[in-house]
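Enquirer: need a 3D model of the sequence below.
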Amino acid sequence: MPAKNTICLWYEGGAREAAEFYASVFPDSTVSAVHTAPGDFPSGQAGDELTVDFTVCGIPCLGLNGGPNFPQTEAFSFQIMTEDQAETDRYWNAIVGNGGSESACGWCKDRWGVNWQITPRTLTEAMAAGGDEAKRAFDAMMTMHKIDVAAIDVARKGD
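Expert: Predicted coordinates:
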């Protein structure tokens, strides 16, 4: 039975390639179906791959090869919680190293333009703690591209 709520991601093209990449990188991620267009459409023709059903970390998604009209923006991102520096590095390096690009504060963009927040749990815990601990962790994060777990932990303690 299909999920009641599915995230639809608009790709200029390459939705299946993107979904297969996500499935190779993230746990509990799969590509379950590829559907072709039954007729011509503004950026394609009958028989072209139109949609891809996939999951990212258990979240159901639909990739739509819709053409260039609606490019990805930072208004949407996947936030992936990590447990340690090794996991943070693994996801960050997979995205950036596969034609993606770095941004600030734990954000990066994959080669299809989808934005990702690779967020260590220690950072979200610091923000939830509030007060001086949150401020110190936040200030440390603001200087980073990929999050440095050890530096966030030091900032949390106030050392």
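Enquirer: drop to CA atoms for contacts and neighbour counts, all remaining ones
Expert: Fine.
Enquirer: and what about residue 79, helix, strand or coil?
Expert: strand (DSSP: H, G, I helix; E, B strand; the rest coil).
Enquirer: bridging residues for it?
Expert: residue 117 (DSSP bridges).
Enquirer: now do the contacts for it.
Expert: By CA atoms under 8 Å, 6 or more residues apart in numbering, residue 79 lies in contact with 116, 117, 118, 119.
Enquirer: mind doing that once more with 10 Å?
Expert: Contact analysis of residue 79 by CA atoms under 10 Å, 6 or more residues apart in numbering lists 106, 107, 115, 116, 117, 118, 119.
Enquirer: which residues touch the residue lying closest to the second one once chain neighbours are set aside?
Expert: The reference is to residue 107. Residue nearest to residue 107 in three dimensions, not counting chain neighbours: residue 117, with 4.4 Å by CA to CA, 6 or more residues apart in numbering. When contacts are counted by CA under 10 Å, 6+ apart, residue 117 touches 77-81, 91-92, 103-109, 146-147.
Enquirer: gap between residue 117 and residue 156?
Expert: 20 Å (CA to CA, to the nearest Å).
Enquirer: wait, residue 88 sits on residue 108?
Expert: No - assessed by CA atoms under 10 Å, residue 88 is found out of contact with residue 108, at 11.8 Å.
Enquirer: shared neighbours of those two, which are they?
Expert: Joint contacts of residue 88 and residue 108 (CA under 10 Å, 6+ apart) are 118, 146.
Enquirer: who has more neighbours, those two?
Expert: residue 108 (25 against 22; other CA atoms under 10 Å).
Enquirer: next one: that one from residue 146, what distance?
Expert: Residue 108 sits 8 Å away from residue 146 when distances are taken as CA to CA.
Enquirer: list residues touching both of those two?
Expert: Taking CA under 10 Å, 6+ apart as the criterion, residue 108 and residue 146 both touch 92, 93, 102, 117, 118.
Enquirer: can I get those in JSON lines with pLDDT?
Expert: Converted to JSON lines, the shared contacts of residue 108 and residue 146 look like this (pLDDT from 0 to 100):
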{"residue": "92", "pLDDT": "98"}
{"residue": "93", "pLDDT": "98"}
{"residue": "102", "pLDDT": "98"}
{"residue": "117", "pLDDT": "98"}
{"residue": "118", "pLDDT": "98"}
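Enquirer: alright, I will stop here.
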